[in-house]
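S.K.: how would this look folded up:
(4 chains)
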There are 4 protein chains.
Amino acid sequence: MYFTYERPEFDAGDPKEIRRVIEEAYVNGKEAAKNGKAADYIPELAKADPEDFGICVKSLDGETIAFGEVEKRFSIQSISKVINLAAALKYLGFRETFSHVHMEPSGDAFNSILKLDTVSDLPFNPMINAGAIQVMSMLSNFMDFEDLMEFARAFCMDEEITLNEAVYRSEAETGDRNRAIVYLLKSKGVLQGDPDKTLDLYFKMCSLNVNAKTLANMGLLLSNKGQNPFTGKYIIHPGYIRTIRSLMFTCGMYDESGEYGVLVGVPSKSGVGGGIAASVSGRLGIGTYGPALNRKGNSVGGIAALQHMSHLLQLNVFG
Amino acid sequence: MYFTYERPEFDAGDPKEIRRVIEEAYVNGKEAAKNGKAADYIPELAKADPEDFGICVKSLDGETIAFGEVEKRFSIQSISKVINLAAALKYLGFRETFSHVHMEPSGDAFNSILKLDTVSDLPFNPMINAGAIQVMSMLSNFMDFEDLMEFARAFCMDEEITLNEAVYRSEAETGDRNRAIVYLLKSKGVLQGDPDKTLDLYFKMCSLNVNAKTLANMGLLLSNKGQNPFTGKYIIHPGYIRTIRSLMFTCGMYDESGEYGVLVGVPSKSGVGGGIAASVSGRLGIGTYGPALNRKGNSVGGIAALQHMSHLLQLNVFG
Amino acid sequence: MYFTYERPEFDAGDPKEIRRVIEEAYVNGKEAAKNGKAADYIPELAKADPEDFGICVKSLDGETIAFGEVEKRFSIQSISKVINLAAALKYLGFRETFSHVHMEPSGDAFNSILKLDTVSDLPFNPMINAGAIQVMSMLSNFMDFEDLMEFARAFCMDEEITLNEAVYRSEAETGDRNRAIVYLLKSKGVLQGDPDKTLDLYFKMCSLNVNAKTLANMGLLLSNKGQNPFTGKYIIHPGYIRTIRSLMFTCGMYDESGEYGVLVGVPSKSGVGGGIAASVSGRLGIGTYGPALNRKGNSVGGIAALQHMSHLLQLNVFG
Amino acid sequence: MYFTYERPEFDAGDPKEIRRVIEEAYVNGKEAAKNGKAADYIPELAKADPEDFGICVKSLDGETIAFGEVEKRFSIQSISKVINLAAALKYLGFRETFSHVHMEPSGDAFNSILKLDTVSDLPFNPMINAGAIQVMSMLSNFMDFEDLMEFARAFCMDEEITLNEAVYRSEAETGDRNRAIVYLLKSKGVLQGDPDKTLDLYFKMCSLNVNAKTLANMGLLLSNKGQNPFTGKYIIHPGYIRTIRSLMFTCGMYDESGEYGVLVGVPSKSGVGGGIAASVSGRLGIGTYGPALNRKGNSVGGIAALQHMSHLLQLNVFG
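M.R.: Numbers count the residues shown, from 1 in each chain, chains lettered A, B, ... in the order given. The predicted structure follows:
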């Protein structure tokens, strides 16, 4: 059964109520997951249990509410695009980064090369494969995987992030479409780094092992203007946060971003590994894990849970 | 000269400072307008004076700050798409409306038919021509122009909105691309009304005479959850506001929406007549008029002014 | 059962053998037709009997060999595009005609508007809808339907061609995609005539009542350099024949033209009414009727029959 | 000055007249070449002298007429696609070959990947890069470069064909778009061989050193049903010739094939090295060399010369 939204007496400020809403979101997400199926384009992803579901909510005042599979590690996949973009903004700056990639939603699938070959030589945005590969080509000139991993750990406030070797090998073996993209970018003279090194780093970053807690942490950092709320350290300059969150909003959920923006209204990024990281500014970081995906490649359970929370906890950035 | 953003001592809460920022935004916009030119796809629009620029900011507590050409009337053009969508949501509901049009940014130009003919039979969103025509086909079955005009006046809190007959005739005479769109929709069996009536209403709504004040009012209503702050009357149910504002954010500035979202970060809708309506939730409605357009069809002056205000008055919805 | 091609002793010059091959072609075509189905995009076409099949072969020396349904009238549909092109060449000349339409195969479906909106403002060739409509817009300025009908009768050496009123009404009622095309051409400023008049003439020409004999006659005229072999009168200047036949070869069988060119190798034009007209230079005109179509819109029986004849009678223009 | 076509007294059978026409074609081609420029996408090609022009005509009865630069060697480029296709037909057969590549003109540029990513997983035809790479992937499983070179020498009746090492290196270094194509094909699961080996062979075959005589020989072999007229040996089965010539006609001149078919009407294949090979069935093989290209990538001089000869010597396959 699904919990519904009509709840006139609901007090969004009451901690008990909040906890109950998150539990309901978990139940809804777990139920909804039955309508999706795990990604199968690489063998490693197909091994995921589509019934797994977990949700972790962290608040800026240090509280954590979690239900279900929040410890199980899975590959971060496209959510790493946020980390790549953050690294580019931090180390290269806004102007340099966006002189090599646009900021527009493409309206096409995440792995599309259509626009790249017809409309524009530069990828449409850093949240689609072509754009993330382009971003990585810039980073590849002065960062190696150790540097990127270190940044990822800081950005996700999770020192236990490791490389999932099996997923990485699987990605590298089956990543021919991304290989096509990198050479298409190179043929247009826009790629900023070596194709092989770029791809290798891109595949590795897609293969980081995270869990729902990691993603909640990432959301929390973004909700706290780039500052680690526990150490007080700024991982990335606050001025870049709006850029990242805005691009998550317009482009973060593949070609379902517009609808998700209406129904959930929280800057989020999903990955085909089953994760979603969401950032509720000044309040929460949310991570969900549910490898059962819908047709657009987004976690069915994650969307259901986030929609429930958004309505009842009034998280929608547009009211 | 342009005013810049480094202003460490700035107090965003001081009324004098706010007024000065808006005046600077006006000066910046007026200056930036020199880099654009008026639309010329219909003769009536080409008559506009590209040096005109005006800005009107209205707050929920009743204050109005205005500079420049805020009284001059011009045709609303694509900003009417917001009114059409609002009318559809009000009279048909969310479910019915979005069973005939999607909610995704298209990544294509506002008048593109590419995706309509390759990806999806339904238009991508109500903010591009195909989507707005589709929305109008639904409305055309039970509303005539008088009804729509009445709704527009209420939605913009401006009883002086009239039909610009010259623009309307010009639109109808040169609207062959929109005519192609309506017949393409009909050929796919998705159009909901009579093609001629639909187009006639669509053209008329594009030809409404508004000014910067009207657009500020529209923004204000959206910032006040659909309620007229002066009469207390709800023009549209609060529950629909997030949908409208979210679609303005992801799709409202043509194929510049993503970049505008990053640089300005306020739900806005522009028209090739030179107007922009922006909504700062719980705070402001903003209208600008500057017929000098950039390559994407957005008012150069309007964007410059809104970017200035967004930075200094911290209007960006993503922080 | 199908007749096969291995026939080492076959004498392609023996009249009895020729007659037998044509009969076999008829049997093959009739059999193959079971794998297709009648067009259903307009109700009138759906009424056709998919089991109907007929073939008529006419030689320049006056002989006619016919089997099956060669008297039954059906609508000419896209085959009229050849007549329209011939009329344009005759009355406007090569240079004027091809300053408004290209000569390239499009690789897209016959009713596609993709290239029209992305690659080129002019339609790719006169054998797709957009190109034929464009050709008709030129003709519409100085020819009315009576003139076109008269030309069609002369070009097909068939005085009994009439307008199929039911098909015409059906076309006009359901022709929204063609309506979209005509307005798209107008919006690009390339259409040469009035949209309504153009479409009306285009629909009427698609609705001409012909039979397999008519189409054989058309093929014969093209095989005789534009000269009526019975009266000696030139219906169209011989210099235009190579243009028409070449475009039939590269573009005449919709997006199956390349494969048909390899397998049959005879300049031909098909229509969704079930007809195919083929021209074997200096030798034969062939008309087939078989309303059972394949996925590309070509008559299944017609292709099977023509392939059989092409192989055994050595009709392939490329040896 | 150009020679024109009005020549009522002309006797196409008189050897002196024929020689004069070919000389005129040479003069026309040399003159026309001034309107083109050499390919510059790889440095080696840009070194060609755009004023070079040569024409070689060989008849089945052993006569050769040649003017201008017919000895100078240049890289065969896309004309090797004909050799690749011939090898595939010879060694794999029609059915196997065309179960991995279509036979349709694409309407797109030779290096387009648009259709590959939107319409069909298989390349449209063997005359565009994607299709030729696909053909090479089949051959790569049992032929190495020595085998292919040997076949090319036999097919072109030219034992002096060698690999142009400089061009090959240049191709390999700058061939990123072709690299993108091979990985796109692999990602769709349709590529039949190893990507690296496939590309290496494809680049090498593009880098064969030929001259106008070589191309005339290739045309002659195709005009003689695959038989070497001097040795009597069949290099490829006669049954495959119509397939090759038909695809040269519909797809051989890039996205200018349709217009070339109308204006010249002879199955031909061009390469960006400046060559054109043409086959006049049962009569002639023609090779031209003129590195000054038009916008579509075809030799300006070659087209002018072939058009002149086609008109006066009545070479047009469609009369």
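S.K.: which bits of the stretch 1-150 of chain A sit near chain D?
M.R.: A:112-114, A:117-118 (Cβ under 8 Å from any Cβ of the partner chain). Glycine gets a C-beta too; all of them are placed from N, C-alpha and C.
S.K.: how about the strands in chain A?
M.R.: Using DSSP state E, the strands found in chain A span residues A:54-59, A:64-68, A:74-75, A:162-163, A:208-210, A:268-270, A:275-280, A:284-289.
S.K.: ok now the last one, how far from the chain's centre?
M.R.: This means strand A:284-289. Computed by Cα atoms, centre = their mean, to the nearest Å, the separation of strand A:284-289 from the middle of its chain amounts to 10 Å.
S.K.: Same question for the fifth one.
M.R.: The chain centroid and the centroid of strand A:208-210 are separated by 12 Å under Cα atoms, centre = their mean.
S.K.: repeat for the first one
M.R.: Put simply, strand A:54-59 sits 15 Å off its chain's centre (Cα atoms, centre = their mean).
S.K.: Next, the angle strand A:275-280 makes with that strand.
M.R.: 20 degrees (axes from the mean of the first three to the mean of the last three Cα atoms, to 10 degrees).
S.K.: for strand A:54-59, packing partners?
M.R.: In terms of contacts (3 or more Cβ pairs under 8 Å, 6 or more residues apart in numbering or on different chains; DSSP states H and E), strand A:54-59 is packed against helix A:15-32, strand A:64-68, helix A:212-223, strand A:284-289.
S.K.: mind giving me the domain split of chain A?
M.R.: According to automatic domain parsing, chain A comprises the domains A:15-77+A:209-312, A:80-206.
S.K.: tell me how far the ends of the shortest one are from each other?
M.R.: It refers to domain A:80-206. 6 Å (Cα to Cα, to the nearest Å).
S.K.: cool, and the first one?
M.R.: Across its full length, domain A:15-77+A:209-312 reaches 13 Å between end residues, using Cα to Cα.
S.K.: and that domain, what's its mean pLDDT?
M.R.: Mean pLDDT, domain A:15-77+A:209-312: 96.
S.K.: next one: the shortest one
M.R.: Averaged across domain A:80-206, the pLDDT comes to 94.
S.K.: picking that back up, pick the most buried one from the strands of chain A.
M.R.: Mean neighbour count (mean count of other Cβ atoms under 10 Å in any protein chain shown) peaks for strand A:268-270 among those, with a mean of 31.
S.K.: For it, name the packing helices and strands.
M.R.: In terms of contacts (3+ Cβ pairs under 8 Å, 6+ apart), strand A:268-270 is packed against helix A:241-251, strand A:275-280.
S.K.: Make TSV out of those and add distance to residue B:210.
M.R.: As requested, the helices and strands packed on strand A:268-270 are arranged in TSV below (distance: least, Cβ to Cβ, whole Å):
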stretch	distance to residue B:210
helix A:241-251	27
strand A:275-280	35
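S.K.: Tell me which of these lies nearest to chain B.
M.R.: With distances scored as Cβ to the nearest Cβ, the stretch of these nearest to chain B is helix A:241-251 (4.1 Å).
S.K.: picking up where we left off before, highest mean neighbour count out of the domains of chain A?
M.R.: For the domains of chain A, the largest average neighbour count (mean count of other Cβ under 10 Å) is found in domain A:15-77+A:209-312, namely a mean of 23.
S.K.: how far does that domain sit from the chain's center?
M.R.: Put simply, domain A:15-77+A:209-312 sits 7 Å off its chain's centre (Cα atoms, centre = their mean).
S.K.: Help me confirm that residue A:62 comes into contact with residue A:229.
M.R.: Yes - here residue A:62 reaches residue A:229: they are 7.4 Å apart, a contact under Cβ atoms under 8 Å.
S.K.: follow-up on the earlier one: need the strands of chain A in a markdown table with distance to residue A:40, can you?
M.R.: What follows is those, written out as a markdown table (distance: least, Cβ to Cβ, whole Å):
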| stretch | distance to residue A:40 |
| --- | --- |
| strand A:54-59 | 21 |
| strand A:64-68 | 23 |
| strand A:74-75 | 14 |
| strand A:162-163 | 22 |
| strand A:208-210 | 20 |
| strand A:268-270 | 17 |
| strand A:275-280 | 17 |
| strand A:284-289 | 18 |
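S.K.: Residue B:198 is nearest to which of the ones you listed?
M.R.: With Cβ to Cβ as the criterion, residue B:198 lies closest to strand A:268-270 of the strands of chain A, at 35.9 Å.
S.K.: Which strands border that closest one, and is each parallel or antiparallel?
M.R.: Under the criterion DSSP bridges, strand A:268-270 sits next to strand A:275-280 (antiparallel) in its sheet.
S.K.: outside of the strand it pairs with, which residues touch it?
M.R.: Identification of contacts with strand A:275-280 by Cβ atoms under 8 Å, 6 or more residues apart in numbering or on different chains yields A:74, A:76-77, A:79, A:82, A:210, A:212, A:215-216, A:218-220, A:222-223, A:245, A:248, A:264, A:266-270, A:284-289, A:298-299, A:302-303, A:306, A:315.
S.K.: now it against strand A:284-289, angle please.
M.R.: 170 degrees.
S.K.: quick check: angle from strand A:275-280 to helix A:241-251?
M.R.: With the same axes, to 10 degrees applied, the angle from strand A:275-280 to helix A:241-251 works out at 130 degrees.
S.K.: CA atoms of strand A:275-280 as PDB?
M.R.: What follows is strand A:275-280 as a C-alpha-only set of coordinates in PDB (Å, rounded to 0.1, in the frame of the first residue of the first chain):
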ATOM      1  CA  GLY A 275      21.300   5.600  -6.300                       C
ATOM      2  CA  ILE A 276      19.800   9.100  -6.000                       C
ATOM      3  CA  ALA A 277      21.500  11.900  -4.100                       C
ATOM      4  CA  ALA A 278      19.200  14.900  -3.300                       C
ATOM      5  CA  SER A 279      20.000  18.200  -1.700                       C
ATOM      6  CA  VAL A 280      17.400  20.300   0.300                       C
END
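S.K.: What ranges does chain A have for its helices?
M.R.: Assigned by DSSP state H, chain A shows helices spanning A:15-32, A:43-46, A:80-97, A:114-118, A:129-139, A:145-155, A:165-174, A:176-187, A:195-206, A:212-223, A:241-251, A:257-263, A:300-312.
S.K.: Need the ones you listed in CSV (columns: distance to residue B:108).
M.R.: Formatted as CSV, these follow (distance: least, Cβ to Cβ, whole Å):
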stretch, distance to residue B:108
helix A:15-32, 32
helix A:43-46, 31
helix A:80-97, 22
helix A:114-118, 9
helix A:129-139, 17
helix A:145-155, 33
helix A:165-174, 30
helix A:176-187, 20
helix A:195-206, 27
helix A:212-223, 29
helix A:241-251, 15
helix A:257-263, 13
helix A:300-312, 25
